[in-house]
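> Test case, fold it:
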Amino acid sequence: MNKKYIALLLLVIASCYSCKKYLDVKPKSQIKEEYLFEKERGFIDALSGIYTLMARKPLYGDNLSMSFLDALAQRYRGEKKTNPYYNTINYNYNTDDAQDGKLLPVKTTIRSIWLSAYSGIANANNILSNMEEKRAVFTGDNYNLIRGEALGLRAFLHFDLLRMFGPMMADQATAKSIPYRTLVSREAQPLLPANEVIKLIINDLLEAEKLLSKDPIVSGAANDYIDFSKDLRKFRMNYLAVQATLARVYQYNNQPDEAYAYAKKVIASGKFSFVTSQDISTEGVCRDRTFRNEQLFALQINNMKAYTDSYFNRNPTNFEGYFLNNDNAVIEALFEKSSTDYRRQYLWSTFEGKLVSTKYLQLEDNAVGCVWPKNVVPVIKISEIYYIAAECAPDLNEATELLNEVLSHRGLDPLLGISSKAALKEALTKEYQKEFWAEGQLFYYYKRNKFSQIPGSNVPADSKVYVLPVPEDELIFNN
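Model prediction:
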């Protein structure tokens, strides 16, 4: 089979992995491309399709939030070979031993992440490639909003692929990593060195930042489309989400000054508020389990209850009745036996002697007098931006102040002072472990900081653990 045929075949697979006719959103968007991009609304629908894809189980609706990535970070018990996540937790990336559905097929899961992310990137490229010649169809600032979001999403998806499939940046920045796709093309794309991919990500994000400078999330401007209304901007790749992603990328690339500057920009915006003790302690459906006002970027997940119940409810249905849990002693040690930390007090329940996260508990009661925090997965929260600013702050006094700002909104006493970089890293590690349960960020933190062993694992952590294998057909594609 020649390269061009393989290239065409794989592009079709990637772009149609979860969809028909290239875009997979509402039926009104499942129309031929030449008609889709005739009107401004068509571009908006195409953009919405990327968020729909990102919110599905292969990406942030499941694998990259509550299950697969957090299993890699040793969030859940899985020491027995009968455990469905045994191969995941032990980093057996090249096995698909599913045992008639009783085990997670790791190799297939990794491939589905890769294909789904590149499908989202292909859709972003399709939007971008059609925008210039159709510029006359756009009104107001919508050209900038749509183009800015598409560039931001392209960079965002490439960055998470790099964090999973790329090398350890501190040691192997010039090693081959992933393709950076900017065109809808049948041609094979090379695996680029990681440092080149980072540059392309940053370039896309900086352009997106300029385009989104009048984003309703900061300007308050009205818009004829609900997709661009101020109140719903956190569910899009908005101006602050782009800046927050830049802070993430610069930190990952060991550029602390730039990371600090962008983190401080987001903090200075004041376009967020921390969860209150009242919101988190309220009983029933009004409990703010995902800290909605702290979210800079979040995704709305369709039919979330069905599969969050299967992971975290008392009557799980997936993998022969297995639920994602951990031992009481492990969680108590993690939260340092705190009786005041909101994250421990209000986001866990005990079942059969095990502790289960209730962060994504989807109650069916109707909410009265409160904002219904349903069907949402946080992708970037303001707490992470404070952690980035603290880690990259020019002095330890400011780092302490930044950390204490988050701690004060978690029911904890302030730190009296951080006396060394080592003490700062210890404090930040504790916070990442507590804060991002079922959000998929902890594995990236361990990788970036080169933990020689991930806490809770007996497997030495090196590139075999931290670098997910590129799917075999992609390697053939680039041979």
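
> Might you report the residue contacts of residue 271?
Residues in contact with residue 271 (C-beta atoms under 8 Å, 6 or more residues apart in numbering) are 217-218, 240. Heads up, the C-betas are built off the backbone N, CA and C, glycines and all.

> can you pick the most crowded of those?
The most crowded member of the contacts of residue 271, judged by other C-beta atoms under 10 Å, is residue 240 (25 neighbours).

> Give the helix, strand or coil label for it.
At residue 240, secondary structure determined by DSSP: H, G, I helix; E, B strand; the rest coil is helix.

> Give me the pLDDT for it.
For residue 240, the model assigns a pLDDT of 98.

> re earlier: which one among the contacts of residue 271 gets closest to residue 399?
Closest to residue 399 out of the contacts of residue 271 is residue 240 (22.1 Å), distances taken as C-beta to C-beta.

> from memory the closest one sits against residue 216, does it?
No - contact criterion C-beta atoms under 8 Å: residue 240 and residue 216 do not qualify, at 11.4 Å.

> Save the contacts of residue 271 as JSON lines, and put in distance to residue 230 too.
Formatted as JSON lines, those follow (distance: C-beta to C-beta, whole Å):
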{"residue": "217", "distance to residue 230": "6"}
{"residue": "218", "distance to residue 230": "9"}
{"residue": "240", "distance to residue 230": "12"}
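
> for the stretch 251-400 of the chain, what are the low-confidence residue spans?
Applying pLDDT under 70 to the stretch 251-400 of the chain flags residues 314-322, 365-368, 371-373.

> cool, the stretch 1-150 of the chain as well?
Along the stretch 1-150 of the chain, segments meeting pLDDT under 70 span 1-34.

> pull the longest helix from this protein.
helix 106-131 (DSSP state H).

> name the element residue 349 belongs to?
Using DSSP states H and E, residue 349 maps to strand 348-351.

> what's next to that strand, contact-wise?
For strand 348-351, using C-beta under 8 Å, 6+ apart, the contacting residues are 314, 323, 325, 328, 331, 355-358.

> Any of these buried? List them.
With neighbours counted using 16 or more other C-beta atoms under 10 Å, the contacts of strand 348-351 contain these buried positions: 323, 325, 331, 355-358.

> Greatest separation within those: which pair is it?
Across the buried ones among the contacts of strand 348-351 (C-beta to C-beta), the longest gap, 14.6 Å, separates 323 and 331.

> Spatially central residue in the protein, please.
By C-alpha atoms, centre = their mean, the chain has its centre lying nearest to residue 379, at 4.5 Å.

> Out of the contacts of strand 348-351, list just those in helices.
328, 331.

> What is the most widely separated pair among the contacts of strand 348-351?
The most widely separated members of those, counting by C-beta to C-beta, are 314 and 331 (17.2 Å).

> Now do the same contact list for the residue lying closest to residue 164 once chain neighbours are set aside.
Spatial nearest neighbour of residue 164, chain neighbours left out: residue 468 (4.8 Å); criterion: C-beta to C-beta, 6 or more residues apart in numbering. Shown in contact with residue 468 (C-beta under 8 Å, 6+ apart): 93, 110, 164-165.

> so which of these is the most crowded?
With neighbours taken as other C-beta under 10 Å, the top of these is residue 164, carrying 24 neighbours.

> Tell me the spacing between residue 393 and residue 399.
Residue 393 sits 4 Å away from residue 399, taking C-beta to C-beta, to the nearest Å as the criterion.

> between the contacts of residue 271, which is closest to residue 121?
Among the contacts of residue 271, residue 240 lies closest to residue 121 (C-beta to C-beta), at 22.0 Å.

> Find the nearest non-adjacent residue to the closest one, please.
Spatial nearest neighbour of residue 240, excluding adjacent residues (C-beta to C-beta, 6+ apart): residue 296 at 5.1 Å.

> doesn't the one you found fall inside a strand?
Yes - applying three-state DSSP, one finds residue 296 inside a strand.

> doesn't residue 237 make contact with it?
No - using C-beta under 8 Å, residue 296 makes no contact with residue 237, being 10.2 Å away.

> Of those two, give the one with the bigger neighbour count.
Between residue 296 and residue 237, counted using other C-beta under 10 Å, the more crowded position is residue 237 (31 against 26).

> Please tell me how far the closest residue in space to that one that isn't next to it in sequence sits from residue 259.
Of all residues not flanking residue 237 in the chain, residue 152 sits nearest, at 3.8 Å (C-beta to C-beta, 6+ apart). Residue 152 is 17 Å from residue 259, where distance means C-beta to C-beta.

> Neighbour count: these two, which is higher?
Neighbours were counted for residue 152 and for residue 259 using other C-beta under 10 Å; residue 152 has more, 28 against 23.

> And the more buried one, how far from residue 55?
Residue 152 sits 16 Å away from residue 55, going by C-beta to C-beta.

> residue contacts, the closest residue in space to residue 305 that isn't next to it in sequence?
Leaving aside its chain neighbours, residue 305 sits nearest to residue 362 (3.7 Å; criterion: C-beta to C-beta, 6+ apart). Contacts of residue 362 were listed using C-beta under 8 Å, 6+ apart, and they are 304-305, 308-309, 374-375.

> and which of those residues is nearest to residue 444?
Checking the contacts of residue 362 one by one against residue 444 (C-beta to C-beta), the nearest turns out to be residue 308, at 22.1 Å.

> my guess is the closest one meets residue 360, correct?
Yes - in this structure, residue 308 is within contact of residue 360 by C-beta under 8 Å, at 4.3 Å.

> Since that was my last question, I'll sign off now.
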